[in-house]
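Enquirer: could you work out the structure for the sequence below:
(4 chains)
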Amino acid sequence: MMSQPTVPQLFWVEVAPFVVLCIWALAIILADLFLPAERRRVALPLGFLGVVLIAYLSIQAFEIPGNPFGGMLTLDTFAFFCIVVILVGGGLTILISPRYVQREHIPHGEYTALLLFAMLGMILLAVSNELITLLLSLEILSLSLYILTGIERHNPRSSEAALKYFLLGAFSTAFLIMGIAFLYGATGSTFLVTIAERLPAAGQQSALWVFVGFGLILAGFCFKLALAPLHMWAPDVYEGAPTPITAFIATGSKVAGFAALWHVVMSLADWQAMTQNTFYVLWIIAVFSMVIGNFAAIVQKNIKRLLAYSSIAHSGYILITILVIASVPAVRTNATQALLYYLMAYMLMNLLAFGVAIACGRKGDSNIEHYAGLARTSPLLAAAMALAMLSLTGVPPTVGFVGKFYIFSAAIQAGYLELAIIGLLASVVSAVYYLRVIVVMYMHEPSREAAETAREPVGAANSLALLVSSVMIILLGIFPFWFLGLK
Amino acid sequence: MPVSILYYALFVIALGAALMVVLSRNTVYSAAFLILTMLCLAGIFLLMHQEFVAAIQVIVYAGAIMVLFLFVIMLLNLREREILLPDFRSLRIWVVLLVLVFFVQVGATCFIVLRQMRDVYPPELPPDTIPLIAKTLLTKYLLPFELVSVLLVIAIIGAAMIARHDEPAEHSDSS
Amino acid sequence: MLDYVWLVPFLPGCAALVIGLFGKWLRTRSGYVAIAAMLGTIVVSLGCFWDILHGKGPFTQHLFTWISVGEFKAEAALLVDQLSVVMLLVVSVVGSLVFIYSTGYMKGERGYARYFAQLSLFAFSMFLLVLADNFVLMFIGWEGVGLCSYLLIGYYMDKTWAADAGRKAFIVNRIGDFGFLLAIFLIFWTSGTLTFSGVFDQAPVIYKYGGGVVTAITLLLFMGAVGKSAQIPLFIWLPDAMAGPTPVSALIHAATMVTAGVYMVVRCNVLYSLAPTSMEIVAIIGAATAFIAASIGITQRDIKRVLAYSTISQLGYMFLALGVGAFAAGIFHIFTHAFFKGCLFLCAGCVIHAMAGDNDMFHMGGMRKQMKITWLTYFAATLAISGFPLTAGFFSKDEILWATFRSGHLILWLVGLVAAFMTAFYMFRSLFLTFHGESRAPEKIKAHIHEMPRSMTFPLVVLAFFSLVAGFFSIPKVLKGSAWFEHFLHPVTNRGAEILHELHVADPTPHVPELELLLMGASTLIVLLGIAAAYAVYIKGWPEIPKAWAQRFGVFYKLSFHKWWWDDLYNSTFVQGTIRLAKAAWQFDIFVIDGVINGTAFMVRSVASRLRKLQTGQLQAYGVGMLIGINLIVLLFLLTR
Amino acid sequence: MTSYMINNLVLSLAIFSIGIIGFLVKRNAIAILMAIELMLNAANLAFVTFAYSFASVDGTILVLFVITVATAEAAVGLAIFIRIYRSRGTIDVDKMTTLHG
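Expert: Take a look at the predicted model:
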């Protein structure tokens, strides 16, 4: 009655990125133990080297699409793009870190290793095609981020953010696990492919469990992605966490989360019982996120909180593509393209903004008023920040505009004209607070803090990160096919 | 039937203990009731012939995790008596209502689904499942098995680093 | 030459990049880089014009596929046809002259290189807007010019009010852009494509004449145009935009960017022809803007604000032309307006320079003695804008008024006529106050007044020359001319009319040459009246008016006899009335538009602070929020099953 | 004969709900973590029940993974609590409202 399980056949090249990433992170921890104290800051450059190596290995691994570990992972084109985005994000995060890590006395080795572990979780999340692997990847990612959030041990705000993030995260994970249990109970499998196969048969008896299970899993993802009714942790955690980690939480974990959500939705969406009506939940969540995110951002005084709310709104925009993918199969390809492109765009814009915030912030202090007159004292930083804000607003020819255009046109093709209109209105509202940052930087008298910023060197790595992301924001805005034509 | 009597006894005790975890004001008592809940659940697992999970439940959960909890409770010397949130005095009814909504809607689906399944009998498991579990774990579930080790490594590194006392030497090495 | 049209946006784009990157090293040489690029664009534009003139167009150049979503593709493609080539010429010529002028005007200013980088970026965006072959690319140019405009408005960042001006401009324009984007999405939704040719070819098939969809699309497009071209009710940002350097006002806020809305409507004339309601609204808003802005212009003291209101008013004329279906006339007015308004602004720049930065006309006077060239060019341009016979403005404005009359909009024609009177009055008022009479400047500044260097006067002379003669491109048939301009644009601007003709909804009105001549005479008369009134008030001074009338114009002697009547009429109806109207318009502006914007902002803010109160920082409050969300998700899943 | 399933699932959901209530009304961070452990245990019970109904060892194995997740979370969580206790002298979540707005 039960077949003897066999050892899944493994190709080294297919699993190399994951294995090497893991070993690399451990090696950095070990090296940190044995290195003398003054040499320990080599960890971050080593970490960057690791990211480059993984990028190379990933390209190798994705040469041929495959399903290592008996179908638990799936190395398809979609995952490839997500991994590219994650690696770019991770690389840029490491680049913007050194001065912050130095300034706040964060242990280099642990910081880098945990960052790499978090990236491992993200990459696995993007390729996992099985619910338990997905859960474990999510946990690898989340635990690393909980710890990284609280890594500024001398800063009580950092610990408080870690506490909130951890408790609420564990709370949402419990729902996610319950959801997996119900999905398993309805279909008898945790492999998404098998679930999709068994749904029509199982659906007759236990359709309700599929819905409950999917609903709970969706709720878990909504937490990770900071989508509207489950977004409330985000501003507090973003404010309290070390700024490079905030950037990483805001970008990487969202990219990975959306990738995983895409996999789950794709396995369920073709099931007969899932009509277009079913996914109106996503419609409501998207609208909530866009409205709440954009409105609440207007009254924020802290740049990190502002970006937190803006990231909630952007999650709402991105969720539109998931809605389209789930409910209108005809537009699925376009919407997937829109999703991938927007994830890249979102990553670049946010990392640029946070990169400038790190260069300007002193001791975790990031009041918008401190950016006053930055254009006079450090014009390049101000220009970079302005570019990020314009791109977030969606002004052409930046990636932000092209990304929004992709998303809204996919929505229109799918017949969600009203969503496109709401999204557009929301982005008109968003112009108010993004613009405020620009106005403060360009048209106010320089503040004491801005003058101090000008005296401090930005640092070579951070400058490189800012340059790369600025150039990419403009170039990918003018030539979007460069990214979408990668594969 | 003694088995069903035993089952219902475990059911009631588990439920009561779970309630007491929330209701008891002393954190140590809460932990003890949590252990009791876990033991009852292990008993229920045993009744379903899931001996391995039951064993793990007792050894790892009740034995290891809860000891860790108790250890931390003692370490932090939490003498102050746990009181419920003051803000939630008035909101408690809403909290209970929300949870009831959750319970009712998910529970109702279980009733509806299972009513259609009346005739389905659980198939028999092979008598000796542990070798099969071991084999499946290391073949089909090899990847999650490895990932779990990564997860534990992260937890260890993180816990050690966050909870570590700040030594005076640390300031000098990072400056 | 058509194959090289990509050079037109490319050259200023490169200049912007080079100056942006190496501005510190280039310093004053950055001006020459920018000018060289602009001169290059003139050459290419002329070449394109030559080819189009010889029947080679319309020509589309595909650069690359910019966005492709499934079967829908947004190409980065440039379209050269009669319409775009005219705009190319205007932008490149006026642009080059303003660039040259700027080297003198901005000499010694901080951020010289930055200024030229932004100006080149503006030229790049404007060319992109004009040459775009689809709505998306046009929108990019549209946003680009907007962005450069805000950057340049905020150029003097020391002035705190410049910040508010820039911000106001940005938000007002975002409202317009929202409409534009929505229109783009609606077009895409209904037609599945966004290229101009694709949409316009399909338009008669997919859009019912006067149908709701096409009306919505055109109104939304017009919303974008209203924002960008500063029409009622979104015109508030333009006068404030005068905070920027004067050459910027000349180029962006007078000659080119603000006409983008007009250009866009003409580009979409097929759609507008299918939506008579929208046309009517365009015409009414255009006429109302022309009138109200002119009436506000009469009472302004700041020379740049007078010119700003006159720009708004002239843009109103253009929209009036479009609204009554005279698309070619609208473009012709863009063409002539670019020259005389550019000239006026540059002259104003010279004057302000001479006055050491003082804009107030009541501090000026008598400057014609020291600034001969400026005075003469300002005079020429003033004649043109007032519509003095045989100047450029005469032909273009007259064509608009005639078209309005002919299409049966008698009231709008009257409004336009009154606005023409006011235009003549306030423009000559500014001329007289600035250049004639006795100097009212403080001694220290009086000594400082001098003619500007050649780099600044040369563009004035060129522009003044064009202001006088540009009208001869399109002498109406009734004056034995060929109406060449209209003829040239005919393939583009007449497509809407052709479609209407095919649909048998248009009824061509008979052409009555005598009537046209009569109307021309009427408008000439009213312009002369306006000039005379200004002369009487500001040169002769009020008490001597009767004598002046009697001596200079025998014809008006009888009129002057009724001094009390004229006096009363002027005082009680005209002066008071205008002032009241201007005030009312301002009130409308401040209380209604600002009120709406501020009110919305207030509402948003109060919602936001309420949202903020929810964010107590208390862990379990967030947990309750999460539980509500989870319940909602599961419940909705179960309900919608 | 599905009564074992309905009983188990009801018990599982009941314990899960009690866990939610515990999460929402407790003040002590450790007690909150214990409430989360309750929820995870409830999920385990559901897993085991389903595994039993399919007579498959997969469900059993899934439970092992969930238990490990709970372990790792507990370790990290308790470490964070210790850190907070050191800096503030309390792990009362009601007092952790520095970040808000």
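Enquirer: for residue B:158, see how far away residue A:32 is.
Expert: Distance, residue A:32 to residue B:158, by C-beta to C-beta, to the nearest Å: 14 Å. All C-beta spots, glycine's among them, are computed from the backbone N, C-alpha and C.
Enquirer: which one of the two has more residues nearby?
Expert: With neighbours defined as other C-beta atoms under 10 Å in any protein chain shown, residue A:32 and residue B:158 compare such that residue B:158 has more, 27 against 21.
Enquirer: read off the pLDDT value for that one.
Expert: On pLDDT, residue B:158 comes in at 90.
Enquirer: residue C:537 now?
Expert: For residue C:537, the pLDDT comes out at 76.
Enquirer: three-state assignment of it?
Expert: The three-state label for residue C:537, taken from DSSP: H, G, I helix; E, B strand; the rest coil, comes out as helix.
Enquirer: for the residue lying closest to it once chain neighbours are set aside, give me its contacts.
Expert: Once flanking residues are discounted, residue C:537 sits nearest to residue C:429: 7.4 Å by C-beta to C-beta, 6 or more residues apart in numbering or on different chains. By C-beta atoms under 8 Å, 6 or more residues apart in numbering or on different chains, residue C:429 lies in contact with C:298, C:534, C:537, C:538.
Enquirer: nearest spatial neighbour of the second one, chain-adjacent residues omitted?
Expert: Excluding the flanking residues, the one nearest residue C:534 by C-beta to C-beta, 6+ apart is residue C:428, at 3.6 Å.
Enquirer: where does chain B dip in pLDDT?
Expert: B:1, B:78-91, B:117-127, B:166-175 (pLDDT under 70).
Enquirer: could you pick out the longest helix of it?
Expert: For chain B, the helix that runs over the most residues, judged by DSSP state H, is helix B:88-116.
Enquirer: who are the packing partners of that one?
Expert: Applying 3 or more C-beta pairs under 8 Å, 6 or more residues apart in numbering or on different chains; DSSP states H and E, one finds that helix B:88-116 contacts helix A:192-224, helix C:619-639, helix D:3-25.
Enquirer: what residues sit buried inside that helix?
Expert: B:88, B:91, B:95, B:98-99, B:101-103, B:105-107, B:109-110, B:113-114 (16 or more other C-beta atoms under 10 Å in any protein chain shown).
Enquirer: any part of stretch C:140-154 near chain A?
Expert: Yes - using C-beta under 8 Å from any C-beta of the partner chain, stretch C:140-154 reaches chain A at C:140, C:143, C:144, C:147, C:154.
Enquirer: where does chain C have low pLDDT?
Expert: C:69-72, C:157-168, C:504-511, C:540-601, C:641.
Enquirer: can you tell me which residue is nearest the centre of it?
Expert: The centroid of chain C falls nearest to residue C:258 when counting by C-alpha atoms, centre = their mean (3.2 Å).
Enquirer: ok, and the closest non-adjacent residue to it?
Expert: Counting by C-beta to C-beta, 6+ apart, the residue nearest residue C:258 is residue C:229, at 5.1 Å.
Enquirer: now do the contacts for the one you found.
Expert: C:258, C:259, C:260, C:261, C:262, C:315, C:318, C:319.
Enquirer: now the third one: closest residue in space that isn't a chain neighbour?
Expert: Translated: residue C:260. Residue C:260 sits nearest to residue C:228 (C-beta to C-beta, 6+ apart), 5.3 Å away.
Enquirer: quick check, the one you found in contact with residue C:258.
Expert: Yes - the criterion here is C-beta atoms under 8 Å, and residue C:228 meets it with residue C:258 at 6.7 Å.
Enquirer: list the buried residues in the host helix or strand of residue C:429.
Expert: Using DSSP states H and E, residue C:429 maps to helix C:410-435. For helix C:410-435, the neighbour count (16+ other C-beta under 10 Å) marks C:412-413, C:415-435 as buried.
Enquirer: picking up where we left off before, just the contacts of residue C:229: which are in strands?
Expert: Using DSSP state E, no member of the contacts of residue C:229 sits in strands.
Enquirer: check the residues you listed and tell me the two furthest apart.
Expert: Spatial extent of those (C-beta to C-beta) is set by the pair C:260 and C:319 at 12.6 Å.
Enquirer: of those two, which one has the most company?
Expert: Using other C-beta under 10 Å, the more surrounded residue of residue C:260 and residue C:319 is residue C:319, with 31 against 24.
Enquirer: pretty sure that one contacts residue C:285?
Expert: Yes - between residue C:319 and residue C:285 there is a contact under C-beta under 8 Å: 6.3 Å.
Enquirer: which strand or helix spans residue C:295?
Expert: helix C:276-297.
Enquirer: buried set for that helix?
Expert: Buried, per 16+ other C-beta under 10 Å, within helix C:276-297: C:276, C:278-279, C:281-297.
Enquirer: what is that helix packed up against?
Expert: helix C:212-228, helix C:269-273, helix C:303-323, helix C:410-435, helix C:576-587.
Enquirer: could you rerun that using 6 Å?
Expert: helix C:212-228, helix C:303-323, helix C:410-435, helix C:576-587 (3 or more C-beta pairs under 6 Å, 6 or more residues apart in numbering or on different chains; DSSP states H and E).
Enquirer: that one to helix C:303-323, inter-axis angle?
Expert: With axes from the mean of the first three to the mean of the last three C-alpha atoms, to 10 degrees applied, the angle from helix C:276-297 to helix C:303-323 works out at 160 degrees.
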